[in-house]
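> Pasting a predicted model and its sequence here:
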Amino acid sequence: MSELIHKANAFVLNLFKEKLSHTFVYHNYTHTKRVVKSTEEIIENTEHLNEKEKLILLLAAWLHDTGYTVSLEEHEKHSVDIAKRFLKEESADKDITEGVISCIQATCLKNAPTNKLDEILRDADSSHLSKEYYLETSELLRQELKFHNIKNHAATEWLDANIELFTKKHQYYTPYAVKNWEPKKDENLLSLLKQKEKQNKRHQKEVLKVKLKNDNPERSIQTLFRVTMRNHLKLSDIADTKANILLSVNAIIITLVVSGIGTRLDNNENAHLVIPTIILMLFSVASIIGAILSTRPNVTSGEFTKEQVISREVNVLFFGNFHKMPYDQYKWAMEEIINDKDYVYESLMKDLYYLGKVLDKKYKLLRITYLIFMTGIIVSVVGFIISFYTI
């Protein structure tokens with residue numbers, strides 16, 4: 001008996017090394033050894049098994065997954081064919097071969113065990129369901145199915161499939177497995193159910209979060225106003241910076257012209273510089289005026305009436321409309337706005353709108369001023385060149 005079992009072990013090991021793809025990360029020699037060990041455990045704790053029955057069980061345990069070297073589909077059928085050839089070469093008795101075939105066929109979940117030996121191998125093949133390393137072996141099986149394009153289970157789908165296996169598709173048959181493995185299997189099932197509960201709670205939180213976000217658009221509206229207002233203020237700062245640059249540059253030009261060229265114009269020899277100098281000064285002054293106009297604040301009354309607030313004709317959020325008002329009237333006006341959400345949004349929209357109008361005016365004046373400055377520089381340079389060549 002031991003010699004034939006030893007040959008079956010060596011046969012399976014060589015067969016897997018030569019023909020089993022590395023993508024079989026679950027159904028491999030390690031899994032086969034685990035099934036053999038579980039089979040031996042049940043045999044040792046089962047009465048009334050003769051030597052021939054023990055031999056059949058151990059041979060079936062070694063050979064039950066050899067069909068994976070041929071194909072993943074109908075692997076039990078291929079395992080039966082390989083077992084027949086091996087046992088024929090080893091001159092095994094017919095009843096041993098038939099017993100091995102029956103046990104291998106019983107490892108298919110779709111087939112119900114027909115005798116005691118079938119039940120033993122069926123339980124041994126699924127002994128991992130009651131082991132502490134069940135989750136690790138289960139993950140290997142998931143990866144194997146993915147590698148072979150059978151199905152790429154998401155973590156949630158795989159958890160559901162495992163729970164279904166434990167509760168609907170699997171059972172232990174032998175008295176030993178029912179007594180010793182079933183309690184640990186129940187513990188593993190409880191662990192899966194706890195994972196499922198955590199998963200459901202997490203999902204519910206995500207759904208609730210999305211629902212609250214969709215049901216409460218206030219935050220999005222506030223973000224819209226905040227970002228838009230910030231962008232408008234940045235554009236206003238940029239416009240003021242550009243105006244300051246124009247003021248500084250033209251002030252320097254006028255200073256240099258007055259201190260450098262202006263003192264020499266009373267000399268008849270420099271009479272040819274008068275016209276281009278005047279042109280440069282005029283365009284510089286025009287540029288300064290344009291820059292000042294673009295940054296000049298508008299004068300407002302700083303007052304409003306209750307009627308204007310009630311009819312929403314005045315924007316109390318702008319300081320120019322309230323800086324002359326008593327605090328109690330300003331407070332009353334602000335409370336009128338705060339107590340009416342639509343009024344708040346309308347006031348913010350007015351603030352943005354009129355700020356946009358101011359920006360439009362600023363940038364138009366700046367565009368004209370830059371054009372004047374550029375034209376003045378070009379005309380002045382041309383004038384100086386012409387004046388030097390006409391001396």
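Yep, it's here. Numbering: from 1, shown residues only.
> Now the strand or helix carrying residue 246: average pLDDT?
Assessed by DSSP states H and E, residue 246 sits inside helix 218-256. Mean pLDDT, helix 218-256: 83.
> mind listing what's buried in it?
232, 236, 239, 242-243, 246-247, 249-250, 253-254 (16 or more other CB atoms under 10 Å). The way it works is simple: take the backbone N, C-alpha and C, and place the C-beta from them, glycine included.
> for residue 132, helix, strand, or coil?
coil (DSSP: H, G, I helix; E, B strand; the rest coil).
> Which stretches in the stretch 1-150 of the chain count as helices?
2-19, 29-44, 51-63, 75-89, 94-106, 116-125, 134-147 (DSSP state H, counting those that start in this stretch).
> Columns distance to residue 345 and mean pLDDT on top of those, output as JSON lines?
Formatted as JSON lines, those follow (distance: least, CB to CB, whole Å; pLDDT from 0 to 100):
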{"stretch": "helix 2-19", "distance to residue 345": "72", "mean pLDDT": "92"}
{"stretch": "helix 29-44", "distance to residue 345": "66", "mean pLDDT": "95"}
{"stretch": "helix 51-63", "distance to residue 345": "75", "mean pLDDT": "94"}
{"stretch": "helix 75-89", "distance to residue 345": "67", "mean pLDDT": "93"}
{"stretch": "helix 94-106", "distance to residue 345": "73", "mean pLDDT": "93"}
{"stretch": "helix 116-125", "distance to residue 345": "68", "mean pLDDT": "94"}
{"stretch": "helix 134-147", "distance to residue 345": "52", "mean pLDDT": "92"}
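> ok, residue 157 to residue 245 distance?
63 Å (CB to CB, to the nearest Å).
> same check, this time on residue 380
19 Å.
> Give me the buried positions along the helix or strand containing residue 202.
Element membership for residue 202 (DSSP H and E) is helix 182-215. Buried positions in helix 182-215, judged by neighbour count with 16+ other CB under 10 Å: 185, 188-189, 192, 195.
> And the residues you listed, which is closest to residue 90?
Taking CB to CB as the measure, residue 185 is the one of the buried residues of helix 182-215 closest to residue 90, at 35.7 Å.
> Quick check: that closest one touching residue 162?
No - the pair residue 185 / residue 162 is not scored as a contact, 11.6 Å apart, by CB atoms under 8 Å.
> Tell me how many other residues crowd residue 375.
By other CB atoms under 10 Å, 14 other residues sit near residue 375.
> I'd like to check which residues are in contact with it.
Neighbouring residues of residue 375 by CB atoms under 8 Å, 6 or more residues apart in numbering: residue 283.
> what helix or strand is it on?
Using DSSP H and E, residue 375 falls in helix 341-389.
> So what angle separates the directions of that helix and helix 218-256?
20 degrees (axes from the mean of the first three to the mean of the last three CA atoms, to 10 degrees).
> So for helix 341-389, mean pLDDT?
Rounded mean pLDDT across helix 341-389 is 85.
> Which pLDDT value belongs to the residue nearest to the spatial centre of the chain?
By CA atoms, centre = their mean, the mean C-alpha position of the chain lies nearest to residue 206, the distance being 13.9 Å. pLDDT for residue 206: 78.
> distance of it from residue 85?
Note on residue 206: its distance to residue 85, by CB to CB, is 55 Å.
> With residue 61 instead?
Distance from residue 61 to residue 85, by CB to CB: 18 Å.
> quick one: which of the two has more around it?
Remark: of residue 61 and residue 85, residue 61 carries more neighbours, 30 against 11, as counted by other CB under 10 Å.
> isn't the more buried one right next to residue 124, touching?
Yes - the criterion here is CB under 8 Å, and residue 61 meets it with residue 124 at 6.3 Å.
> Which residues are in contact with each of those two?
With CB under 8 Å, 6+ apart as the test, residue 61 and residue 124 both reach 35-36, 39.
> Perfect, that will be all.
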